[in-house]
Structure formats: C-alpha cells, structure tokens
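K.L.:
sequence unavailable; structure follows:
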C-alpha cells in the first residue's frame, strides 16, 4: 500500500487497496440500511399477510368492508387525479408562459400542501365545511354532506396531492421554453391547437410522471382523509383507514392483507415511474444543445 | 406587402428598447436590421410580428393598421434563431402545420397539403427528409425546414430573427446566399435581423442600422458603407481608423477644403484601412505622416499592415493590394509615409459630417 495513494489525481484513475476497502464498506453500509429499513419491512408486510396461508389472505381481502374501502379509494383517486392534472397543467402553463402580478405568490401557494401536515389540512376542511364550520349550516340546510362523506375525502385528497403535477411540469416547461408555441401562434394556430398539437405532446411524459406521483399519493393518503372521513365502515373508509381500523381491532392478518394491496400499488407505481424515466428521458440529464452539425 | 413603422417606442422597466423608430419597408424588399446586441432590433422585429406590443407608435401592413392585431392573424412567416421546430413532429408535419391548423373553411385538402409541403421541401432541397424528425437534422437543415414551414402559409411578410447566427461560418455563408436566391424567386417582403454586418451588406436590398433603440441610418449597402451618417455606423461597418481632433490639429489638418474655415476642436476623423496609401517616399502635394511598420498580415487576398505613427505611437491599420505590397517590399520595422485622399469628419456629437475628399492630409 503506497503512502501517497490518496492524491486526488491518482484516486480518480487507480483506486488503492484502502480506497477499494472504503468503497466496499460504504456499499455494504448502504445495503444494510436499505435491507433493514426498507426491504425487510416490505417483506414483513407480505409475510404477515400470508402467515395464515393464501386461503385466509384472499378471504380477508374479499371481506365486504375491505372491498368497499378498495372501491372508495379507487373512486377518490379517479376524481382527485384528473382534477390535479387539470390544475397542474393550468398552473404550469400560466406560470411558465405568462408574466403576471402575484406569480411568485402562486408558486409559493402551490407548495403549501407539501409543507402543511395532512392532519392540519383535514382540520381546515372540517373548519370550513363541518357542521359547526363556516359553510356547514348552509350546506346542511340544503342537505349537502361534505365532512364525514365522500366529497370531503375527495377534497382532502385533492388538497394533499395538489402540487405533484404542477411541480413536475413547471421546471420541465421552463427548460423547454415557449419558442415552439410562439412559432405555432405565428403560423396561425389558435390557443386550442397550440395546446393540443404543440404543448401537450411536448410535456406528455413529464405530465404522466406527475400524474403517477399524484395517483400514488392519493391512494395512500391517510392523515387528511382520516380527519374528514368519520371512519364509517363500508361508507367513508378508504383502504389506508381500513388498514388502521383492522389493526386496532387486532385483526392482524386482515390488516396486513389490506396493507399488502397498498404496498403492491406502491411497487407498481415505482415500476411505471422507472419505465417512464427510461423511455422518455424525463429526469435524465438534459441533452446538450447542439450548436451545429 | 409594405410595412410602415411609425414612431415605435418600447420600454422594459427602465430600459429603453426602442425610442421613436420610423421606417418604411417596400413590398418585395429585403431589409436587414443591423445592430449590436441589445440595440432593439429584435424587439422591433417582434413588434412587427405582433409578438410584442409597442408602448406607442403604430405598425401598418399594406397600409392597414395592424398595431393591435393578433400575431396569428397578421399573415407573417417567422424564422427563429434556434429554429423552434416542433420536436415531436416529422419534417413533413412541421411544414404542414400552418396549413393544418387553418379554420376548416380555408383549410386545403389533404392532397393539396401534401403537394404544397413537397413543393416547399423541394424548394429548400430537403425532399428526402420528410419522414425524419428535427433532431436527426443538422443545424443548417433545421433552419431550412423552419423557412419552409414559415413559407407554407404563403406569408405576405417574412421575418427572420438572427436565423444563421447559431450556425458555423461556412454554413452561414451558404445559407445567406441561398436565402437571397429564394427571395429573388418569391419576392416576399422580408425583414432580416442580424448583428453580422457582412451578412447584412451581402444579402439585403437596404440595411437599417439600429443602435440604442434608435434608427441610425437606412440605405442601400453601398450607400451605408460609403457614406456612414454617424461615427457609430462608421465604426460598426468594417474596420476603421479613428483620429481625434487633437491629433488632426497636430498634423495640421488641411484647410483647403471649402467646408473647413478654421480648425474645429473635438473633431473625429475616420479613414478605412483600404483608403490609406503607403509609400517609401514623401508624396508630392500630399501631406503625409511618418509611421513605422509594426506587423504585416499577408495571408489572404489583401495585405494588412499594422502601423505605428511616429511621434505619438498611435496604431493605424492600412490595407494594400498584393501587387502594391509586393512592389513596396516592406518589412517590419521600416518607416513609411501614410496619407489618405479622403477623410470623413464628425464633430463631437456625431451630428455633422464633412467629407474632405480633395487631398486632405492626415
């Protein structure tokens, strides 16, 4: 082992034995951490879910309450995600293509759901729409139920997933610039044509990426939904809430079986996300601008 | 279609991009807007296109008020510095775009679109590229596609924003000759923004020189080159030797010219390198200065001398034909006499200009 082996220049070219050892130690440490804190728990979820065998696993999943929680989760996601896609596109379009007063405020506001605790988000909705809230009395007069009903759950989920699409699109659209859109306008295209023929095809991968993130979060959201849901079994219980309720009732196998569904959803999300990254180059290093052939 | 620009002003915060610019561009003309970066030439082009709106003043297209008309209705073709091709569309799709987005009533049939696109791709010599994507093309090819795309909708005005500046020197030269040929074929009113004076002088029918948001001079390339209206224009177009008034006085500025009653303080004189004459002997009836040869650049069609004026050491450039140079057989370090038949003078403000062309010595 050479005493001078840790010179930066030689370090880049020829790692010494000590450096190789250090590198191996770091990798092992990272793997141990990953195994202990990520992989082991995921395995534990499935192990616990299947601990009483496949038969009981499927029976737990096929319980009416779990199925209805699954349906509600799907319903909420299918409402919250399109709303967020629309908002995300509108906000990113406005922020990256136009100059207006309050633009920085809007950018800051978009981030609020990321910094506010979901529980607080849920409580805000209770304060506004709850029976003793600002709009509650008026709503109940008209027989409209928001809190402890599906609309409240959708609202809370929309709030929590608000930033995902917009935050994905804004940097992407900023980097892309508006030259192509201006070119389309000069060529006589109206706003509709510009959006469908130029903007959307250019942002589709970033949009899909953001949508996947938003969908994944809206399926798994617990805190905000927990406050506004009221935990009415079979009516206002989403899958994450159902997991908690089963667990609190000591139905461990059923709780883990339901949890395994959420875990599966997360794994699918990760795979799809990775596929988008690979096929589209979203989140890859930006291509170097070619100056000349 | 003619373009009338009337008293256009534009302010960005405290920065004045344009102040009171007026000019008229005749139908079928190719005019170059030439100026350094930040001079306001691109802003003016974007105002003509309708991509920016002026704070005051008006734009008339073919005699009709267009100042507040939407860019998509002005019937213009625009070519961008960085091409701005639609990256997810084929070359065919790019060129066809302007036709495809027309309102259903005006839109040509599919067959007509196909025919028109092929005609244009032929014009820009990219017939076989229809199915490729922009990223598969070189910069020069992309800019030709951009031009075909702009021409597809038969614009009445073609606007080009530094279209060749991202290309290398050789491609740039080819493309500008080619642009001129296309212009001669189609006769569409064209405005070209550029900071490259060679490009402007070579391609345009008339050149408009813009500086600090103002129009300095507009005229044919020859008029602009031979009779610059201001010190800025002189400096901007090609190499120039600059003599300050004090220097002129020391060298006893010739008073024979009718325009010069008495020496004026604070005068600036301009002489282009090729206007300077160099000899070993003191010329008769000429006032000349003594200078030493500092350096000789003999690579190229003309020989360039770097001279240092004896006494004050000011550096002066002279350009000789190869023949003259060979006859003189100069070597660095030698002393020569330098004079000029003409010198163009401006006062301090650059307002008045006098041309001393009757044997004024420097």
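P.N.:
Arrived safely. In this text the structure is predicted, and so the values were computed from the model without any measurement.
K.L.:
where does residue A:201 fall, phi/psi-wise?
P.N.:
Per-residue torsions, residue A:201: phi -60, psi -30 (degrees, to the nearest 10).
K.L.:
can you pull the phi/psi pair for the closest residue to chain A within the stretch 101-250 of chain B?
P.N.:
Going by Cβ to the nearest Cβ, chain A is nearest to residue B:138 of the stretch 101-250 of chain B, at 2.5 Å. The C-beta positions use only the backbone N, C-alpha and C, and glycine is treated the same way. With angles defined as degrees, to the nearest 10, residue B:138 sits at phi -80, psi 170.
K.L.:
and it, how far from residue B:304?
P.N.:
34 Å (Cβ to Cβ, to the nearest Å).
K.L.:
of the two, who's got more company?
P.N.:
residue B:304 (18 against 13; other Cβ atoms under 10 Å in any protein chain shown).
K.L.:
what is the burial count for the nearest residue to residue A:252 once chain neighbours are set aside?
P.N.:
Residue nearest to residue A:252 in three dimensions, not counting chain neighbours: residue A:48, with 6.5 Å by Cβ to Cβ, 6 or more residues apart in numbering or on different chains. The local packing of residue A:48 (other Cβ under 10 Å) involves 16 other residues.
K.L.:
specify the local secondary structure of residue A:48.
P.N.:
Look at residue A:48: counting by DSSP: H, G, I helix; E, B strand; the rest coil, its state is helix.
K.L.:
what's the separation between it and residue A:243?
P.N.:
Distance from residue A:48 to residue A:243, by Cβ to Cβ: 12 Å.
K.L.:
check residue B:295 too.
P.N.:
Applying Cβ to Cβ, the value for residue B:295 to residue A:243 is 84 Å.
K.L.:
coming back round to it: right, and the residue nearest to residue A:252 touches residue A:247 too?
P.N.:
No: contact criterion Cβ atoms under 8 Å: residue A:48 and residue A:247 do not qualify, at 10.6 Å.
K.L.:
give the next helix or strand downstream of the lengthiest helix in chain B.
P.N.:
Using DSSP state H, we find that the single longest helix of chain B is helix B:169-186. Per DSSP states H and E, helix B:169-186 leads on to strand B:189-194 as the next helix or strand towards the C-terminus.
K.L.:
name every strand pairing with that following strand and say which way it goes.
P.N.:
Sheet pairing for strand B:189-194, assigned by DSSP bridges, gives strand B:30-34 (parallel), strand B:157-161 (parallel).
K.L.:
for it, give the mean pLDDT please.
P.N.:
For strand B:189-194, mean pLDDT rounds to 94.
K.L.:
ok, stretch B:314-323 next?
P.N.:
For stretch B:314-323, the mean pLDDT works out to 88.
K.L.:
what residues does the stretch 151-293 of chain A put near chain B?
P.N.:
Within the stretch 151-293 of chain A, the positions adjacent to chain B are A:179-180, A:182-190, A:193, A:197-198, A:201-202, A:290-293 by Cβ under 8 Å from any Cβ of the partner chain.
K.L.:
tell me which of these fall in helices.
P.N.:
Among those, DSSP H puts A:179, A:180, A:182, A:183, A:184, A:185, A:186, A:193, A:201, A:202 in helices.
K.L.:
circling back: please say which of residue B:295 and residue A:243 ends up with more neighbours.
P.N.:
residue A:243 (23 against 12).
K.L.:
list the helices and strands the helix or strand the more buried one falls within packs on?
P.N.:
Element membership of residue A:243, judged by DSSP H and E, is helix A:239-248. If you count contacts as 3 or more Cβ pairs under 8 Å, 6 or more residues apart in numbering or on different chains; DSSP states H and E, helix A:239-248 packs onto helix A:64-97, helix A:223-229, helix A:252-280.
K.L.:
could you give me the buried positions within the last one?
P.N.:
It refers to helix A:252-280. By neighbour count on 16 or more other Cβ atoms under 10 Å in any protein chain shown, the buried set for helix A:252-280 is A:253-263, A:265, A:269, A:273, A:276.
K.L.:
with the first one instead?
P.N.:
Buried positions in helix A:64-97, judged by neighbour count with 16+ other Cβ under 10 Å: A:66, A:68-70, A:72-73, A:76-77, A:79-81, A:83-85, A:87-89, A:91-93, A:95-96.
K.L.:
give me the phi and psi angles of residue B:290.
P.N.:
Dihedral angles (degrees, to the nearest 10) for residue B:290: phi -90, psi 130.
K.L.:
pretty sure it is touching residue B:337, no?
P.N.:
Yes: counting by Cβ under 8 Å, residue B:290 does reach residue B:337; the two are 6.2 Å apart.
K.L.:
of those two, who's got more company?
P.N.:
A count of neighbours by other Cβ under 10 Å puts residue B:337 above the other of residue B:290 and residue B:337, at 17 against 13.
K.L.:
the more buried one - that's part of a strand, no?
P.N.:
Yes: according to three-state DSSP, residue B:337 belongs to a strand.
K.L.:
ok, it touching residue B:292?
P.N.:
No: applying Cβ under 8 Å as the test, residue B:337 and residue B:292 come out as separate, 11.3 Å apart.
K.L.:
quick one: low-confidence ranges for the stretch 151-293 of chain A?
P.N.:
Within the stretch 151-293 of chain A, the ranges that satisfy pLDDT under 70 run A:281-293.
K.L.:
hmm, 80 instead?
P.N.:
A:280-293 (pLDDT under 80).
K.L.:
same check on the stretch 151-300 of chain B?
P.N.:
In the stretch 151-300 of chain B, residues with pLDDT under 80: B:238-269, B:282-288.
K.L.:
how about the residues of it by chain A?
P.N.:
The stretch 151-300 of chain B comes close to chain A at residues B:152, B:153, B:166, B:167, B:168, B:171, as judged by Cβ under 8 Å from any Cβ.
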